[in-house]
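**Q** below is the sequence, then the predicted model.
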Amino acid sequence: MKLLKRLLGNRVSFRVYLLELFLILFLFYATVVTLVSYGSTSKIIDNAAFGNAQEFTNRVREQVKDHIGEAAQATRIIASFLQANETYRDIPQNTEFLWSLIWPLMQNPPSLHSLHIGSEEGDFLQVRRLPELSTRVIVRSVTPPLEKWIYRKGNYEQLNNTQLSPEFDHRKRDWYLQTGSIPRSYWSKPYEFNADGKEGITVSYPVLDNEGKIDLVVAADISLEKISEFLNQKPVTENSIAGVIDASGRVIAAPVLLKAKTRRNQVFWLQQLQPKIYENFQNYILNPQDVYYIDNKGSKEDWLINFKSIDVLDWYVVTEIPRADLTRRALTIVNKMLLFSLLAFLVMILLIYLVTRRVSRPLIQISKETKRLKNFDLEDIRPVSSNIAEIELVSSSLLSSVGALKAFRSYLPAELVRQLVEQGKGGELGGEQFEITIFFSDIADFATVSEGLDPKHLMIQLSEYFEVVTQIIMANEGTVDKYIGDSVMAFWGAPSAVSEAAMKACHVALEAQKEIEKLNSRWVTEGKPRFNTRIGLHTGEAIVGNVGSSERMNYSAIGDSVNLASRLEGLNKDYDTQIIISEATWLQVHDRFECRPLDEVLVKGKTKPVKVFELVREI
């Protein structure tokens, strides 16, 4: 009792806690086992058999649900993307992109026969696994209509292609006609696939237009033969039989296990193959119970029958398991239990110590790694090895989080996140007022420059430009707020104060112009256009914080000072300058930087003139 009170009432180390807990549990277990008489053995074994039968049937059900669920998930993913990105709904215009989007989703689920997208206008796009890997598109918006097949390797490499006049029209297929305008998965009845003559089902998901009408239908064909192969390969026990039926008793999958000899072009019924099982199935439909026991008098074995509904369809998993398969191991365990308890007691202390040591050591290490994660020291986090699956899973999840945060760091500076965490400012909407120095840059005549460039090459050149400007800003304690087209917005002074923020911003502006000029010189030699950059700087009060919605937000600065900085950047065009700063910024930097007075201007949105200066060089 003292040990129990200590365990429940005092704070101890995890290793000591586990040691004491295991000791209490083991002593309790040994006492109970000793007191259990052999008179209750039969009941224990029967309960174990019934429990195992339910567990095994649930396992089969979950495996079947996973098989069909992966296909449904693939359709939801594609439909959700198209629902959110209307630009890509035009099948003829986005054929290659849609193929490449769907292709990876076809690689894993073994039961997935094909994925396809069909429009109300008759355009159709498909990625098919069986009978051979291929991509297909039907375009009815051209005259004459066109159907194109491209046969591929597993790595998406083309083997050959063919074109023909389309005869297939998805709009006449049952799976398309039954798809409603409510965003959810729709399941077809089993039917014979045109491609290989084998039986399967189709799951579909609608993509709606702005009026809530069907624009596209995303669908996946699921091969019932693959589900049958899966159940054949993984029987519940050595001598069990299992299959999938519908509410009427029709055999959907694994008919061989239900004593059918063939499947092709033939419908099987449970009432014909297994009358006793079907009788129990009828009782289950009327009054569900967990396990049905069949006493096969005159035979060697008794059987346990179990049914489980597959929620998404009117399908049921049925298993028939010999009782001996489930009780054999239990009998062995019961017969050896007392001896095992006596032997285990002798090694208990050593075993418990080794277990607690093995468990606690990686957990302590994981605790240290999570502290590094909290501090955003992502490069220092190391994997934690353990033979315990859950600990290995935690370590793997931790490393996955590190990978995600490294990717996230591309969108938001690590130092900014670290500062927000340290200050206890998480993902809540709202902001605070800070004095900051705002930086705005823009590429002169970018629309004209970009007209003659290939979009892909333009994105590469623009990204190289952003990389140079961003690195200079971050190296000088600046926070990149956002990229607006070809513009960059950054600021200094939030969420933590930055010493000499205005001076650092001016230094960044000059350094950026110098590095951009180097880029321009190289680009000219490569036959690329120059990116002549204009920059505006202003120091003033602004609201800085999380702006947006609860689903998506941005850490940003807003207010009159931000607008003024943007206006100053635009004034460069009028004064044929590269960098213009406001008087507020000039007052903080004029003793360190050469600045040329330009004018007093009435900036849009201001009622009083603002003195502006050209930033020339650092003294």
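**A** Received, thanks. Numbering: from 1, shown residues only.
**Q** how about low-confidence regions in the stretch 451-600 of the chain?
**A** Within the stretch 451-600 of the chain, the stretches with pLDDT under 70 are 550-551.
**Q** show me where it has helices.
**A** Taking DSSP state H, counting those that start in this stretch as the test, the helices found in the stretch 451-600 of the chain are 455-475, 501-525, 560-575, 583-589.
**Q** can you redo these as CSV with mean neighbour count and distance to residue 489?
**A** Bear in mind the C-beta positions are built from the backbone N, C-alpha and C, glycine included. Output for those, formatted as CSV (neighbours: other Cβ atoms under 10 Å; distance: least, Cβ to Cβ, whole Å):
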stretch, mean neighbour count, distance to residue 489
helix 455-475, 16, 10
helix 501-525, 19, 12
helix 560-575, 20, 8
helix 583-589, 20, 16
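**Q** how about JSON lines for these, with distance to residue 116 added?
**A** Formatted as JSON lines, the helices of the stretch 451-600 of the chain follow (distance: least, Cβ to Cβ, whole Å):
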{"stretch": "helix 455-475", "distance to residue 116": "28"}
{"stretch": "helix 501-525", "distance to residue 116": "44"}
{"stretch": "helix 560-575", "distance to residue 116": "47"}
{"stretch": "helix 583-589", "distance to residue 116": "59"}
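**Q** three-state assignment of the residue most central in space within the chain?
**A** The centroid of the chain falls nearest to residue 77 when counting by Cα atoms, centre = their mean (9.9 Å). Look at residue 77: counting by DSSP: H, G, I helix; E, B strand; the rest coil, its state is helix.
**Q** list the residues that contact the residue lying closest to it once chain neighbours are set aside.
**A** Counting by Cβ to Cβ, 6 or more residues apart in numbering, residue 77 lies nearest to residue 105, which is 6.9 Å off, once chain neighbours are set aside. Residues in contact with residue 105 (Cβ atoms under 8 Å, 6 or more residues apart in numbering) are 74, 77, 78, 112, 115.
**Q** over to residue 105. Which of the three states is it?
**A** Applying three-state DSSP: residue 105 is helix.
**Q** next one: it from residue 158, what distance?
**A** 19 Å (Cβ to Cβ, to the nearest Å).
**Q** got it, and residue 336?
**A** Taken as Cβ to Cβ, the span from residue 336 to residue 158 is 62 Å.
**Q** residue 140: neighbouring residues, count only.
**A** When neighbours are counted by other Cβ atoms under 10 Å, residue 140 registers 19.
**Q** that one touches residue 121, doesn't it?
**A** Yes: between residue 140 and residue 121 there is a contact under Cβ atoms under 8 Å: 6.4 Å.
**Q** count of neighbours near residue 435?
**A** Applying other Cβ under 10 Å, I find that residue 435 has 16 neighbouring residues.
**Q** now the host helix or strand of it and helix 560-575, what's the angle there?
**A** Here residue 435, judged by DSSP states H and E, is contained in strand 430-443. In terms of direction (axes from the mean of the first three to the mean of the last three Cα atoms, to 10 degrees), strand 430-443 departs from helix 560-575 by 10 degrees.
**Q** each with direction, which strands does strand 430-443 pair with?
**A** Partners of strand 430-443 in the sheet, by DSSP bridges, are strand 487-492 (antiparallel), strand 533-548 (antiparallel).
**Q** out of those, which is closest to residue 179?
**A** strand 533-548 (34.0 Å; Cβ to Cβ).
**Q** got the buried residues for the closest one?
**A** 533-540, 542-546 (16 or more other Cβ atoms under 10 Å).
**Q** these two touch, right, residue 593 and residue 614?
**A** No: counting by Cβ under 8 Å, residue 593 stays clear of residue 614, with 10.5 Å between them.
**Q** so which of these two has more stuff around it?
**A** More neighbours surround residue 593 than the other of residue 593 and residue 614, with 23 against 18 (other Cβ under 10 Å).
**Q** ok, what's across the strand from the more buried one?
**A** residue 618.
**Q** stretch 571-581: end-to-end distance?
**A** 10 Å (Cα to Cα, to the nearest Å).
**Q** what does that stretch contact?
**A** 444, 506, 509-510, 513, 533-538, 568-569, 589, 595, 598-599, 601, 603, 612-615.
**Q** got it, and stretch 117-125?
**A** Residues outside stretch 117-125 that contact it (Cβ under 8 Å, 6+ apart) are 78, 82, 89, 91-92, 95, 98-99, 102, 116, 126, 135-141, 145, 166, 168-171, 176, 214-219.
**Q** what residues sit buried inside it?
**A** So stretch 117-125, judged by 16+ other Cβ under 10 Å, has buried residues 117, 118, 119, 122, 123, 124, 125.
**Q** any chance of those in JSON lines, with distance to residue 576 too?
**A** Output for the buried residues of stretch 117-125, formatted as JSON lines (distance: Cβ to Cβ, whole Å):
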{"residue": "117", "distance to residue 576": "53"}
{"residue": "118", "distance to residue 576": "57"}
{"residue": "119", "distance to residue 576": "53"}
{"residue": "122", "distance to residue 576": "57"}
{"residue": "123", "distance to residue 576": "52"}
{"residue": "124", "distance to residue 576": "57"}
{"residue": "125", "distance to residue 576": "52"}
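**Q** for stretch 548-564, C-alpha coordinates in CSV please.
**A** Listed in CSV are the C-alpha atoms of stretch 548-564, where the atom choice follows Å, rounded to 0.1, in the frame of the first residue of the first chain:
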residue,chain,number,x,y,z
GLY,A,548,-6.5,37.1,-42.2
SER,A,549,-9.0,34.5,-41.1
SER,A,550,-8.9,31.6,-38.7
GLU,A,551,-8.1,29.2,-41.6
ARG,A,552,-5.3,31.2,-43.2
MET,A,553,-3.4,34.2,-41.9
ASN,A,554,-0.4,36.3,-42.6
TYR,A,555,2.0,38.0,-40.2
SER,A,556,2.0,41.5,-41.8
ALA,A,557,2.2,45.2,-41.2
ILE,A,558,-0.7,47.5,-42.1
GLY,A,559,-1.5,51.2,-41.7
ASP,A,560,-0.8,54.6,-43.2
SER,A,561,3.0,54.2,-42.9
VAL,A,562,2.9,51.0,-45.1
ASN,A,563,0.9,52.9,-47.7
LEU,A,564,3.4,55.8,-47.7
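**Q** now do that stretch: everything it contacts.
**A** By Cβ under 8 Å, 6+ apart, stretch 548-564 touches 412, 416, 420, 427, 429, 431, 434, 436, 438, 479, 481-482, 489, 491, 494, 538-547, 582, 603, 605-606, 610.
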